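A.B. asks: sequence-free structure coming up:
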Ligand SMILES: [Zn+2]
């Protein structure tokens, strides 16, 4: 949901709009500059009284205000040991040893390829380290587990797993500057309209909360368009630990997301066009 803020009419033109006739006598007596200044000040004061044209501020002109969508906080535990592991992983990629997420630039969309629900996602993210069966890239400094900031179920129910000031482990090269979403779905075609709508509401709200966000893209695009993102200064990683090909969520999903963001909220973030299937760079 959103409303349009109205523009304040605050152009200072007090005398003209204050009923010049009424002040004829007073103006006649305004023989000194001091007196005229006094009248001007009073006219300004009466214009700024509440109940007149006082909705919003001039800089709000045309800006859409997005209501906070409904979601529940189900934070996974991030203790000191996990924070250190996260910081080491980010440090390895960017040279800056911190697990803090400040001024995110990107929102990255995934689907979980399991489709078992938010509880299952919460359990999967809860472990400090990756399960033994998951292959850990040899160059990776540790085996800190994957995670996502948000998960969205098939009916649109949304849980937050990671606070927005801490990184999540979801896309190589973008963890340090992105907020992540996991759509609960085994395959792209399982993603529902309710999920897309909720995702679009969440993305629009986050873009409002963080004006630093310039990019909204899919995990697959994080690999296919990595050269573009590197040029933009968004993709940053250690050469020994680069992004690898991913299929989620796919061009069809990202096209729906981009279309609805533009239609519903007038939001167009980079890249404007979805990566084509098979595109490698
Ligand atoms: Zn993914």
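C.D. replies: Noted; the coordinates are in hand. Only a predicted model underlies this, so the values are computations on that prediction, with no experimental measurement involved.
A.B. asks: got the residues of the protein near the ion?
C.D. replies: Residues of the chain that fall close to the ion, judged by C-beta under 5 Å from the ion: 110, 219, 248. To be clear about C-beta, it is placed using only N, CA and C from the backbone, and glycine gets the same treatment.
A.B. asks: From those residues, pick the one nearest residue 171.
C.D. replies: Nearest to residue 171 among these: residue 219, at 5.6 Å, using C-beta to C-beta.
A.B. asks: where along the stretch 101-250 of the chain do the strands fall?
C.D. replies: 106-111, 150-152, 158-160, 178-183, 215-218 (DSSP state E, counting those that start in this stretch).
A.B. asks: Quickly list what the residue of the stretch 51-200 of the chain found nearest the ion is bridged to.
C.D. replies: The minimum distance from the stretch 51-200 of the chain to the ion, using C-beta to the ion, falls at residue 110 (3.3 Å). For residue 110, the residues forming beta bridges with it (DSSP bridges) are residue 182.
A.B. asks: gap between it and residue 141?
C.D. replies: 23 Å (C-beta to C-beta, to the nearest Å).
A.B. asks: The two: which has the busier surroundings?
C.D. replies: residue 110 (23 against 16; other C-beta atoms under 10 Å).
A.B. asks: how is this structure carved up into domains?
C.D. replies: Domains of the chain are assigned by automatic domain parsing as 2-62, 69-265.
A.B. asks: Highest mean neighbour count out of the ones you listed?
C.D. replies: Of all the domains of the chain, domain 69-265 carries the top mean neighbour count, a mean of 18, counting by mean count of other C-beta atoms under 10 Å.
A.B. asks: follow-up on the earlier one: could you dump the residues of the chain next to the ion into JSON lines with pLDDT added?
C.D. replies: As requested, the residues of the chain next to the ion are exported to JSON lines (pLDDT from 0 to 100):
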{"residue": "110", "pLDDT": "98"}
{"residue": "219", "pLDDT": "97"}
{"residue": "248", "pLDDT": "96"}
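A.B. asks: can you pull out the helices in the stretch 101-250 of the chain?
C.D. replies: 118-126, 193-209, 219-224, 226-231 (DSSP state H, counting those that start in this stretch).
A.B. asks: how about the ones you listed, which one is nearest residue 101?
C.D. replies: Set against residue 101 and scored by C-beta to C-beta, the helices of the stretch 101-250 of the chain come closest in helix 193-209, at 12.0 Å.
A.B. asks: what packs against the closest one?
C.D. replies: Counting by 3 or more C-beta pairs under 8 Å, 6 or more residues apart in numbering; DSSP states H and E, the packing neighbours recorded for helix 193-209 are strand 64-66, strand 106-111, strand 150-152, strand 178-183, helix 251-265.
A.B. asks: Give the partner strands of the helix or strand that the first one is followed by in its sheet and their orientations.
C.D. replies: On the C-terminal side of strand 64-66, the nearest following helix or strand under DSSP states H and E is strand 72-73. Based on DSSP bridges, the pairing partners of strand 72-73 within the sheet are strand 158-160 (parallel).
A.B. asks: what does the strand it pairs with contact?
C.D. replies: 69-75, 118, 121-122, 149-152, 198, 202 (C-beta atoms under 8 Å, 6 or more residues apart in numbering).
A.B. asks: quick one on the thing from earlier: is it true that the residue of the stretch 51-200 of the chain closest to the ion touches residue 182?
C.D. replies: Yes. Between residue 110 and residue 182 a contact is recorded at 5.0 Å, counting by C-beta atoms under 8 Å.
A.B. asks: Which neighbours do these two have in common?
C.D. replies: 148, 170.
A.B. asks: now the stretch 101-250 of the chain, which segments are flagged as low pLDDT?
C.D. replies: The stretch 101-250 of the chain contains no residues with pLDDT under 70.
A.B. asks: ok, 90 please
C.D. replies: By pLDDT under 90, the weakly predicted segments of the stretch 101-250 of the chain are 131-139, 244.
A.B. asks: If we ignore the residues flanking it in sequence, what's nearest residue 216?
C.D. replies: Leaving aside its sequence neighbours, residue 216 sits nearest to residue 269 (C-beta to C-beta, 6 or more residues apart in numbering; 4.2 Å).
A.B. asks: Endpoints of stretch 66-75, how far apart?
C.D. replies: Taking C-alpha to C-alpha, to the nearest Å, stretch 66-75 runs 24 Å from one end to the other.
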